Structure formats: structure tokens, C-alpha cells
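1. Everything below, folded, please.
(2 chains)
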Number of protein chains: 2
Amino acid sequence: MRVAVLAGGLGGSRFARALAETIDPAGVTVVGNVGDDLEIAGLHVSPDLDTILYTLAGVLDEERGWGRAEESWNARDAATGLGAETWFQLGDRDLGLHLARTEALRSGEPLSAVTARFARALGVATSILPATDDRLRTWVATPAGELSFQEWFVRRGHRDDVDGVRFEGAERAKAAPGVLAALDRADLIAIAPSNPFVSIRPILAVNGIREALEGRRAPAVAVSPLIGGRAVRGPADRMLARLGGGTGPAQVARCYEGLIDALVVDEADADEDAGIPTIVTHTLMRDADSRRRLAEAVLGVPV
Amino acid sequence: MRVAVLAGGLGGSRFARALAETIDPAGVTVVGNVGDDLEIAGLHVSPDLDTILYTLAGVLDEERGWGRAEESWNARDAATGLGAETWFQLGDRDLGLHLARTEALRSGEPLSAVTARFARALGVATSILPATDDRLRTWVATPAGELSFQEWFVRRGHRDDVDGVRFEGAERAKAAPGVLAALDRADLIAIAPSNPFVSIRPILAVNGIREALEGRRAPAVAVSPLIGGRAVRGPADRMLARLGGGTGPAQVARCYEGLIDALVVDEADADEDAGIPTIVTHTLMRDADSRRRLAEAVLGVPV
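-> Sure thing, here's the model as predicted:
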């Protein structure tokens, strides 16, 4: 069985892991968001791809939800001591990956090739693909002005309301090698329980990806990131309320109008009308059992 | 008393420390070589300036002779595990400095300002100035072709013979703020026991610095980096033999012709004719006592 998954960071990576633990992990292809990529002192950082990579490699710091487990912070502390801004925190082992990736990118290796190579090096059987090898950057319109994604999300703790989202570079961004083929060959297309506006939409903004979902031959299902109208983590609920007019399954489904055949919702939302077929299960992934239950609900989706 | 010192890496930094331990450290200005600067994954690394900074701050790894004491190597190990080339080794704390510096340089702060700020942050009272804020890069002509300095020195372990040295950017490089004033105001100008060809000559190649030494009002003295015709460390002896025709005090003095009034030589070289006045002392800096003895010999130089 082949499953293609569109995924953002933590929710997306946990869902990818759920699938990879439930079917042959080599049958899973994760198409990851790169709209929240950034440069720190010129180092290319891909937070979502890295969260996916670390999660599937079993080295994510689960408690923090980002970065590597058993991390040290000597570089950050030294930089802080020298007056550097370190609001975007990079652990030492994580820095090693950014160094290796940046060096590879500067030598001309595409992001998709680097990511595949790193996944192999970390023993990950699942394919991890960036949505695009081209530069794509998410900008967020707020009452305080337009902010780069990480400025808004990390530096300002996503406190600012979001009035709109823009994907710089989207008009020229081509899907990375393998992305459209994975969507075309998939037996199932899944949209992970990630933030629809800033995790999934930047993926869909890449030329050809939205069209691939619209013209899909396989069934497509999204997992709602909300439970009882609340985001498990992050600002998806506030954004959906402000930009989508509500925080119910219907508003989530509308984010993916024409792109999905069913929506997986939590039991807390079982009574709500999504406007499309729903699969009801526990969607919170707190351990291996809950991950498997969610994956099985998605994989068994009768469409 | 004000002393201006031209200095390369390890020998230069130990000599700067010797002076800073012997007179008021605020009276010492170190003009450091930047010809061996390099970019690693886009991070700006200034090996000589950093060795000087770490030495004067008391955090140099004395045994290794470069990088920070009590260092961790998690970033390097992670990068190596991902297939990156890590022949130029960056420790985690050291990386923190490179991140902070690179971010500052990218925001437009000159290297001299960043270096001064870092010195203050690390409690260093001595002024550390890069010879220039402009891009200067040392290239080495070898039988294997022209190599960048670090490619030759670190990656290939300075095994290749050197037929010549070139300083890319020298024709446009201006002395960093404070350098010419320090040379002008100094009561004594000293050239540290550094490699004349690849540590001191890149400093002299910067516009105005050689001229400042030629037109000096204060006495200038160089400390020979050779003891009994042998370099304490590194390839200075082989280079002097090949490029200077010998490894005696006369060949060292000739590297600085017109720029110095005296040469400090080791007792092992006391009988050799340098062609200029010599001060004989023990020049090996193995501890505080030997540093002070060398500093006093230099500071007491009767010119």
C-alpha cells in the first residue's frame, strides 16, 4: 500500500510516524512544508522537514516537540554570551545537520536530494520530500504588519492575529522531484492534522500539487487538527475562527474543498456536520496505540 | 606604555598574552591576520582572531592550540554522521561565536566592531583588531596547484611545498579602524613570532600597514618564530628554507627588511649574524615565566 501524506511540523510528523508504524514504512511518502524554512546566520533551517526527519528517525525531543533529544546547547549559550539574538534556538546536534545541509545546498545539491540522503543516514525508510526545492517563504499579515513566518510564530509566540497568509516564491516554485509521482501513484492521499493555513497551504501553493489533488485517482482524506474546536498545539483554532469563520469540522473541511473525500474528526466533534463524509475516532496521538488507531482509521477509510 | 603587535595565530596570541601579562593589557593593541579567514557553510570563521581572542580571554584549548577549552563536538559529530566534510573542525562553543559573528556581519557590522564587542564580552582588556575589515584571502602556490590557505594548511596538513603566496583582495583592503592609529601612537611596534609568509605578510599587504611600519616613529622589533632553525610548530622553517634561502636569523630579518630595528632570537641562534641588532633570550613560551621573560626582552629592547 502506498500513502502520500502532506504534512507540516509536529502534528504532521506524528501522523507520518503513525502511518509508518502501521504499514510498510517504505510505502509512505511524506511531502513536507518548507514555507517556514529560514536562514540563521546564513544556515538553511527547515524546521518542518527536520521535525519529520527527527520524528521518523526516533530522535525528536518529544517533550519539546522540536529539535533533537539528548541535545546540548553550548553553541546557543556561547552565542548568547556574545550578544547574539537566539530566539530561534538551535541545539548543537541540530546545528550539525544545518551545517551539513547548508554546505550541500551551497554546493548545488537540491534540498530534496539532501533530505533523502539525511533520511538514509538516519535509517529512515519512509520517503521525506520537501514540497519544492525552490525558495518558498510564508508571510503572515497581522495587525502589527506583515511578518515572516518564524518571526510571527517563534519570536512573537504566534500571539498576533492573522489576517492573511502569503507564500513568497509560490508562483515560480515547482514540485520537488518525486512529489507529483507520489501523489499520482498513491493508493491513498492523506493530509496530516497540521495547521491548514501555514502548514498545508504552502504545500498546496506549489505549482502542480493542488492540481494533483484536484485530479486525484486515489481517495484523499484529511485529519482535522482540532479536537472539540481546539488546536492540540499552536494557533490553528484561532486562525480558523478568524479566517474560516469557525472551528468546527465544516470549517476544516472547507480549507480542503475539492481536495479531499473525507475528513477524520475526533469523537469530541462527532456530532458536527462537516459537509463531507467523516470518520470519527480518537485523533490525539499520545502514544503508539493512539497513533495506530488513528492510522487504521485513515487507512480503512471507506470512500 | 603602548605596544602595537602584528600577530598570526598561536605564536602571535601567546606573544600578545605575554605582553598583556607584563604591562597594562589595555596598552596592548593586537593587529591580527585575517588572510586565513574562511567560510564554512556560509559561516565566517576567523581562525587567527579567534585564537588571539580565546588566548587573551583564557579560554583557548592550550593543548590543541586552537578552539575553546572544555569544548563539545556534538555539531561536528552530527554533521559527520550526515556525510558532511568536517576537516575544518568547529567545536560547539566555537560555533556559537561563528554564528554570532556571521549574523552581525550580515547585518552590516564591520569585523573590527564585532571583534571588539566579543573581546569586551569575554572580559579582554587588550584591543584586538583585524588588519582589515575588507575581504582578504591568502592563497598558496604549491606543486599541486594553488590552494586556499586552509585547504593547504588544515585539509592537506601543510605538507605541500610552498612556491609563493598571494593575498586576494589586498589591493583594495583598507586597514581596519584603529590599526594605523595604533601603529602611529605606539611606543613600540612588535612583530610576533608568527609565520612571516602566511601570518605577518597578509597583515603587511593591507594598504597603509607596511607604509606605517616603514615610516614608524617608534622602534620596531620582531621575534623570530624559529629556534635553532626549527619552527616551534607549523611550516615556517620549511617555507623560510624554500622561499628565503635559509632558516637562520638573517633570513627571518630579511622578511622584515626596512620594517624592524631589531630581531629577538633564541639563545640557540645567538651566534648567528642577523644583519641587524639582535636581542638574545629564551623565546619559547611554555608558561607564565617564559612569557614574561620574552616580553621583558622585547619591551626592554634598546634601539
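
2. what's the spacing between the longest helix anywhere in chain A and its chain's center?
-> Looking across chain A with DSSP state H, the single longest helix is helix A:92-106. Put simply, helix A:92-106 sits 20 Å off its chain's centre (CA atoms, centre = their mean, to the nearest Å).

3. Now that helix: buried residues?
-> By 16 or more other CB atoms under 10 Å in any protein chain shown, the buried positions in helix A:92-106 come out as A:92-105. (Glycine included, C-beta is placed from N, CA and C.)

4. residue ranges for the strands of the stretch 151-300 of chain A, please.
-> A:164-168, A:188-191, A:220-223, A:226-227, A:230-231, A:262-266, A:278-281 (DSSP state E, counting those that start in this stretch).

5. what's the neighbour count on the residue nearest to A:Ala175 when sequence neighbours are not counted?
-> Distances taken as CB to CB, 6 or more residues apart in numbering or on different chains place A:Gly208 nearest to A:Ala175, at 4.7 Å, with adjacent residues excluded. A:Gly208 has 14 neighbouring residues, counting by other CB atoms under 10 Å in any protein chain shown.

6. mind checking how far A:Gly208 is from A:Leu183?
-> With distances taken as CB to CB, to the nearest Å, A:Gly208 is found 9 Å from A:Leu183.

7. Enumerate the residues of chain A near chain B.
-> With CB under 8 Å from any CB of the partner chain as the criterion, chain A meets chain B at residues A:40-43, A:71-72, A:74-85, A:90-104, A:106, A:117-118, A:121-122.

8. Closest one of the buried residues of helix A:92-106 to chain B?
-> Proximity of these to chain B (CB to the nearest CB) peaks at A:Gly96, which lies at 2.7 Å.

9. Which of the helices or strands spans the closest residue in space to the closest one that isn't next to it in sequence?
-> Counting by CB to CB, 6+ apart, B:Ala78 is the residue found nearest to A:Gly96 once chain neighbours are left out, at 2.7 Å. For B:Ala78, the host element (DSSP states H and E) is helix B:74-81.

10. Measure how that helix sits relative to helix A:92-106, angle-wise.
-> Here helix B:74-81 runs at an angle of 50 degrees relative to helix A:92-106 (axes from the mean of the first three to the mean of the last three CA atoms, to 10 degrees).

11. I'd like the average pLDDT over helix B:74-81.
-> Regarding helix B:74-81, the rounded mean pLDDT is 97.

12. for that helix, packing partners?
-> helix A:92-106, helix B:92-106 (3 or more CB pairs under 8 Å, 6 or more residues apart in numbering or on different chains; DSSP states H and E).

13. Ok, which of the ones you listed comes nearest B:Glu146?
-> Across the helices and strands packed on helix B:74-81, B:Glu146 has its closest neighbour in helix A:92-106 (21.2 Å, CB to CB).

14. Over the closest one, what's the mean pLDDT, rounded is fine.
-> Helix A:92-106 comes out with an average pLDDT of 98.

15. A:Phe197 and A:Leu243 touch, don't they?
-> Yes: between A:Phe197 and A:Leu243 a contact is recorded at 6.3 Å, counting by CB atoms under 8 Å.

16. okay, and the common contacts of the two?
-> Jointly contacting A:Phe197 and A:Leu243 under the rule CB atoms under 8 Å, 6 or more residues apart in numbering or on different chains are A:Val162.

17. Neighbour count: the two, which is higher?
-> A:Phe197 (21 against 16).
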